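1. how would this look folded up:
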Amino acid sequence: MYDQIARFYDLTHANLTDDIPLLLKLAAATDGPLLELGCGSGRLLLPLAQAGHTVTGLDLSAEMLARARSRVGQLATAVQNRITLHEADMTNFALSDAPPFGLAIIPYNTLFHLDTAQVVATLRQVKNYLGANGRLFIDVANPVDIASTPEDNLLSLENVLTDPETRELIVHLASNRLDTANQTLHITWIYDVSAPDGGPVHRTVAYGAYHYRYPHQLELLLQEAGFKLLHLWGDYDQSPYDETSDRLLLLAAKKE
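-> Predicted coordinates:
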């Protein structure tokens, strides 16, 4: 999916920076390098490396990684040398000669793309690469909000954007279908692109599924994979989670 929408993803998330201060804080409090699963085009990799951290990023999308490599190539050499990128499936990856990681990050809604078996496989993989005092940070939307999605399956306008490089107009639409029995939100994204001088509209359609889970379900999955939950936050200011929170953020450690 992300190979289809890499360009659009970057445009629609250009102003997403609220999570960066907390991640910098967590990174500064841990020993060892960082591992980001679902690193995409480098939205988080870059500020973490620029802050002095050594970061390894994994992603399954070749197109997103190509965009990340382009961004990394524009950085100072010393910062570039702190970043390693791998095209890999987070549920089954191998990092030869990787040192123990001090912090693993599964960022902004990435975990939603995985079904239950994939989540457990990913968590077990991560556990194998964390150091003795390593931490795991997971960031997803509040599942209560996802479960409240209207079941009308109608198209809604998400964004109207202008690509700063091409000056093309991009109309972003979305349609949702909620499967409450399986806790899955099925999403159709539509991107209609118009050239600045008019002409035909080029449409890109992509499909995705969000497997949302409640805090107690995530804690059970963490326990099954050999983790213990340390903190449950509802926003990037580390306020406690409740059903009205904007986010669901978890910090976990390996069981002793």
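2. got a list of contacts for the longest helix anywhere in the chain?
-> Longest helix in the chain, counting residues (DSSP state H): helix 116-129. Under the criterion C-beta atoms under 8 Å, 6 or more residues apart in numbering, residues 35, 37, 90-93, 95, 98, 100-101, 104, 106, 111, 114, 136, 211, 213, 221-222, 224-227, 254 lie in contact with helix 116-129. For glycine as for every other residue, the C-beta is placed from the backbone atoms N, C-alpha and C.
3. can you rerun that using 7 Å?
-> 35, 37, 90-93, 95, 98, 100-101, 104, 111, 114, 136, 221-222, 224-227, 254 (C-beta atoms under 7 Å, 6 or more residues apart in numbering).
4. where exactly do the helices run in this protein?
-> 2-12, 20-28, 45-50, 62-72, 77-80, 116-129, 143-147, 215-224.
5. what's the closest of those helices to residue 201?
-> helix 2-12 (14.3 Å; C-beta to C-beta).
6. how many neighbours does residue 244 have?
-> Other residues lying near residue 244 total 9 when counted by other C-beta atoms under 10 Å.
7. what residues does it make contact with?
-> With C-beta under 7 Å, 6+ apart, residue 244 has no contacts at all.
8. what separation is there between it and residue 144?
-> According to C-beta to C-beta, to the nearest Å, residue 244 and residue 144 sit 8 Å apart.
9. please apply the same query to residue 200.
-> 42 Å.
10. ok, those two, which is more surrounded?
-> Comparing residue 200 with residue 144 by other C-beta under 10 Å, the one with more neighbours is residue 144, at 14 against 8.
11. my read: the more buried one touches residue 245, true?
-> No: in this structure, residue 144 is not within contact of residue 245 by C-beta atoms under 7 Å, at 8.3 Å.
12. let me know the pLDDT of the residue lying closest to residue 194 once chain neighbours are set aside.
-> Leaving aside its sequence neighbours, residue 194 sits nearest to residue 169 (C-beta to C-beta, 6 or more residues apart in numbering; 4.5 Å). You'll see residue 169 listed with a pLDDT of 95.
13. near residue 169, how many other residues are there?
-> Using other C-beta under 10 Å, residue 169 has 16 other residues around it.
14. buried ones in stretch 167-176?
-> Buried residues in stretch 167-176, defined by neighbour count with 16 or more other C-beta atoms under 10 Å: 169, 170, 171, 172, 173, 174, 176.
15. can I get these in CSV with distance to residue 159?
-> Shown next, in CSV, are these (distance: C-beta to C-beta, whole Å):
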residue, distance to residue 159
169, 11
170, 8
171, 8
172, 4
173, 9
174, 9
176, 15
